[in-house]
Each structure stands twice: as C-alpha cells, then as structure tokens.
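In: sequence first, predicted model second:
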Amino acid sequence: MQPRSVALKQDMNMTALNNFGAVMSFAIDLESKLRDLYTAAGDSARAAACDKQRATLERVRRENVTEIKLEPITDLDARDYAIDFSETGAENLARVAQIAARFYADAAPKLNVREAQRALERAGRGHRGE
C-alpha cells in the first residue's frame, strides 16, 4: 500500500486538464487537499479559506456547466502542479501556495466562461496572500 502523500500526488498528476470540467474538478480537488494540509499544519484560517474557495468553485462549476463551449484546452498539464501534501513545514507550505497560485494564473485565461475565470483568479490571489 502506498503512503497517503504518494497516492495524493499521483491523483493530482493523473488528471488531463483539457476541458472546462477537468480544470474545475482539478481546482476543487486541489482546494480540498490544501484544506486538509493546512488543517494538519494547524493553520485553521488558511484551511477555512480553502474550504470556502472549494465551495465557490463547486458552485461556479455547477452554475456554468451549461454555459461552456466545448473548446479544448491546451498547454495545461497537471504534472506541472505536483504538490507534496505530506509535509506540513513552513517551507513546503510556502511552496504549495506558490504552486497553487501558479496553477490558477495559468488556468484562468484558458477557460471561456468569465465567471469561472474570475473564480480562479480570486483563488490565485488568495494563495498569493492578496
């Protein structure tokens, strides 16, 4: 049996980010895992922020699924956003925030639904501490 961190890392890496649903699902999963990581690290404020962002992303996905145009998304690979969810040290938490912010900065302009773009942009600003 694989350690939890390895399994989580593999789950995040296996996702093809080539359409609206895949990007939104990846973002929702990312926020859930970040919430768990921050909870384990004892940072309840950041954990709560991630949980709130997860709920927002779920709402945006649900409300806009009929709005999407089935245009493929290119140049967005989940492997570029691999995160070690097992380490709760300050250095890893800073690295995790940077990776999450980079994902949102890369993904937002690729979506063709403005509300979803704005939700991803807000999530990125949250991970940058803005």
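Out: Yep, that arrived.

In: what about Leu111, distance to Arg61?
Out: 11 Å (C-beta to C-beta, to the nearest Å). (Each C-beta comes from the backbone N, C-alpha and C, glycine too.)

In: buried residues in the helix or strand hosting Leu34, which are they?
Out: Using DSSP states H and E, Leu34 sits within helix 20-40. Neighbour-count burial for helix 20-40, counted by 16 or more other C-beta atoms under 10 Å, picks out 20, 23-39.

In: alpha carbons only: can I get the next helix or strand after that helix in CSV?
Out: Using DSSP H and E, the helix or strand that follows helix 20-40 in sequence is helix 44-64. The C-alpha trace of helix 44-64 is given here as CSV (Å, rounded to 0.1, in the frame of the first residue of the first chain):
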residue,chain,number,x,y,z
SER,A,44,-7.2,27.0,10.6
ALA,A,45,-7.6,30.3,8.9
ARG,A,46,-6.0,29.1,5.6
ALA,A,47,-7.9,25.8,5.9
ALA,A,48,-11.2,27.7,6.2
ALA,A,49,-10.2,29.9,3.2
CYS,A,50,-9.5,26.9,1.1
ASP,A,51,-12.8,25.3,2.1
LYS,A,52,-14.7,28.5,1.2
GLN,A,53,-12.9,28.6,-2.1
ARG,A,54,-13.7,25.0,-2.8
ALA,A,55,-17.4,25.7,-2.2
THR,A,56,-17.2,28.7,-4.5
LEU,A,57,-15.6,26.7,-7.3
GLU,A,58,-18.2,23.9,-6.9
ARG,A,59,-21.0,26.5,-7.2
VAL,A,60,-19.3,28.1,-10.3
ARG,A,61,-18.9,24.7,-12.0
ARG,A,62,-22.5,23.7,-11.2
GLU,A,63,-24.0,27.0,-12.4
ASN,A,64,-21.9,27.3,-15.6
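
In: which elements pack onto helix 44-64?
Out: In this structure, helix 44-64 packs against helix 20-40, helix 114-128, with contacts taken as 3 or more C-beta pairs under 8 Å, 6 or more residues apart in numbering; DSSP states H and E.

In: lovely, talk soon.
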